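*Asks:* coords please:
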Amino acid sequence: MILRRGPLRTLRGRIALALTAGLVVAAVIFAVVSSELIRQESEVVARSEIDRQVVALANTLGRQTAEQATRGEALQIDSDEYLAVLGGPATSLYYSGNPLSPIAGPPGGPIPVAVELDSQTISDDGLQRVEFEDPATGGVRVGSIAPVPVRGETWGFLLLARPPEQLGSPWGAIGGRVAAAAGLGVLVALLLGLFLTQRLTRPMRAMRAATHRVAGGNLRTQLGQTGTRELDDLIDDFNEMVRQLAHRDGANREFLMRITHDLRTPLTAIRGHAAALSDGVVPEAERPRSLAAIEGEAARLESMVADLLDLARRDARRFSLTPGPGAPRGLAAQALDAVRALAGERGVTLHSTAEGAPGRVESDEMRVLQIVGNLLQNAVLWTPTGGEVHLDVTGDDAGGVRLVVTDSGPGVPPGSREEIFAPFQATDRPDGSRGSGLGLTISRELARALGGELTVTEHEGGARFELTLPATVPATVPGTVPGTGPGTPSA
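*Replies:* Reported below is the predicted structural model:
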């Protein structure tokens with residue numbers, strides 16, 4: 001079972017855990033690396049100190065030897081005193097060469113035979129660093145050899161040596177401090193990380209609360225900026241989504257109100273005529289007229305229901321199609337005949353050309369007629385009195401057909417040429433009427449279901465709608481239910 005509770009199931013908890021793990025690893029690496037660097041640096045400093053001490057002691061012994069000999073006195077050499085100053089019992093002092101005093105032995109013992117003197121190195125560098133095994137203790141020692149100058153001549157060689165473990169700072173002396181410093185750094189960084197994580201996840205919690213409000217129906221919810229670019233981009237998208245939802249919700253409500261009114265009108269007319277016929281108040285001579293009115297309103301109602309069904313099929317990407325051979329010229333003439341009466345009422349002149357149109361194409365005649373009829377009806381309704389509407393039918397090199405409807409109306413602004421194909425995007429026509437906002441939406445989806453496309457551009461100030469269809473309906477076009485006719489419910 002997946003746990004949904006606990007700190008590690010939250011983004012803040014996971015960020016804190018990842019931050020802690022990263023800080024601990026970084027602190028351990030820092031402690032190890034810094035300790036090694038400190039040890040190496042301590043060793044370098046210790047070796048340099050041995051070099052300095054052996055050179056200083058060799059020069060001091062040489063100077064004292066020359067001064068005592070000048071006064072006729074014997075040099076008193078106290079090796080223990082030298083060693084106490086130079087580093088304590090663990091420090092060893094060796095000397096080989098001419099006697100520094102006739103009454104006192106050399107400082108320390110002789111230089112071990114295992115140590116090979118390199119006169120050239122001593123001459124060039126002023127000293128020689130060595131590592132050897134102490135014959136007295138059997139332990140390894142490291143040290144430096146310096147010449148003892150007496151009156152400008154090298155009188156002998158002095159070796160100062162110590163155990164290697166004394167050269168660098170031991171871990172016990174620095175480990176605790178390094179660990180404490182690393183731990184303090186981890187604590188401070190962790191607290192800062194928790195604070196920043198809290199600040200980072202606060203907008204996410206606010207967005208979660210906002211999504212709940214939107215889910216509850218509050219489409220006025222908007223979020224403010226945070227100052228973080230990525231979060232602000234996400235917030236902008238969220239706010240835009242809510243605005244689009246509010247716009248769509250308003251359009252849906254308006255559509256429902258409009259379609260309810262449109263459905264009620266033919267139903268009221270049908271009910272009125274039916275009641276009058278049933279009550280016998282309609283004269284015999286007027287009954288055919290009432291029946292014709294009922295039939296006309298029923299057809300109008302059927303058309304509205306078909307639009308609603310096509311809208312549902314559009315949302316499900318499933319249209320009923322019945323492909324078959326058809327003549328584009330005949331379809332164009334039929335579509336023009338259907339709008340001639342409306343064009344005559346509005347004083348709009350219809351024109352048509354079909355030069356170069358293919359003789360036949362494989363498509364769904366009723367669906368093509370539905371698209372072209374809708375385009376012509378829109379063109380007539382948007383064209384002012386005295387204007388013109390043209391329907392031009394041509395072919396293409398692949399055997400397809402191109403049907404172009406142009407008008408002398410106000411046209412479609414470039415910024416609205418895609419919006420008009422969205423559902424419920426209805427605007428007031430020049431005469432003040434308004435459609436359902438579904439005709440162009442369904443027409444474009446039908447065109448695509450037939451393997452073609454429907455686009456809009458500008459033509460001499462008016463609108464130019466172009467429907468392109470292939471020679472045959474592709475078998476792989478999605479959203480179609482072949483073998484059923486228009487108005488037949490699809491699965």
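*Asks:* tell me the mean pLDDT over stretch 120-139?
*Replies:* What stretch 120-139 shows for mean pLDDT is 86.
*Asks:* What's the end-to-end length of that stretch?
*Replies:* 28 Å (CA to CA, to the nearest Å).
*Asks:* Lowest-scoring secondary structure element of this protein by mean pLDDT?
*Replies:* Within the chain, no helix or strand scores below strand 480-482, which has a mean of 48 by mean pLDDT, DSSP states H and E.
*Asks:* Just checking the distance from stretch 295-302 to the centre of its chain.
*Replies:* Between the centre of stretch 295-302 and the centre of its chain there are 53 Å (CA atoms, centre = their mean, to the nearest Å).
*Asks:* could I get that stretch in PDB with only the CA atoms?
*Replies:* The C-alpha coordinates for stretch 295-302 follow below in PDB (Å, rounded to 0.1, in the frame of the first residue of the first chain):
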ATOM      1  CA  GLU A 295     -43.600  20.400 -40.700                       C
ATOM      2  CA  GLY A 296     -41.400  23.400 -41.100                       C
ATOM      3  CA  GLU A 297     -40.900  24.000 -37.400                       C
ATOM      4  CA  ALA A 298     -40.300  20.200 -36.900                       C
ATOM      5  CA  ALA A 299     -37.600  20.400 -39.600                       C
ATOM      6  CA  ARG A 300     -36.100  23.400 -37.900                       C
ATOM      7  CA  LEU A 301     -36.200  21.500 -34.600                       C
ATOM      8  CA  GLU A 302     -34.600  18.500 -36.200                       C
END
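*Asks:* which residues sit against it?
*Replies:* L263, P266, L267, A269, I270, H273 (CB atoms under 8 Å, 6 or more residues apart in numbering). Placement of C-beta: from N, CA and C, glycine included.
*Asks:* In what element of secondary structure is the residue sitting nearest the centre point of the chain found?
*Replies:* The centroid of the chain falls nearest to E230 when counting by CA atoms, centre = their mean (8.2 Å). Using DSSP states H and E, E230 sits in helix 229-279.
*Asks:* which secondary structure elements does that helix contact?
*Replies:* Helix 229-279 makes packing contacts with helix 171-215, helix 287-315 when contacts are defined by 3 or more CB pairs under 8 Å, 6 or more residues apart in numbering; DSSP states H and E.
*Asks:* all strands for the stretch 51-200 of the chain, in order.
*Replies:* All strands of the stretch 51-200 of the chain, identified by DSSP state E, counting those that start in this stretch, fall at 92-97, 128-133, 140-150, 153-162.
*Asks:* and these as a markdown table, adding distance to A26 and mean neighbour count?
*Replies:* Output for the strands of the stretch 51-200 of the chain, formatted as a markdown table (distance: least, CB to CB, whole Å; neighbours: other CB atoms under 10 Å):
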| stretch | distance to A26 | mean neighbour count |
| --- | --- | --- |
| strand 92-97 | 43 | 21 |
| strand 128-133 | 36 | 17 |
| strand 140-150 | 35 | 22 |
| strand 153-162 | 36 | 22 |
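*Asks:* Just put the ones you listed in CSV and tack on distance to L467.
*Replies:* CSV is the format used below for these (distance: least, CB to CB, whole Å):
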stretch, distance to L467
strand 92-97, 106
strand 128-133, 95
strand 140-150, 96
strand 153-162, 99
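*Asks:* Which of these sits closest to A18?
*Replies:* strand 140-150 (46.1 Å; CB to CB).
*Asks:* Provide the strand pairings for the closest one, with the direction of each partner.
*Replies:* If you go by DSSP bridges, strand 140-150 pairs up with strand 128-133 (antiparallel), strand 153-162 (antiparallel).
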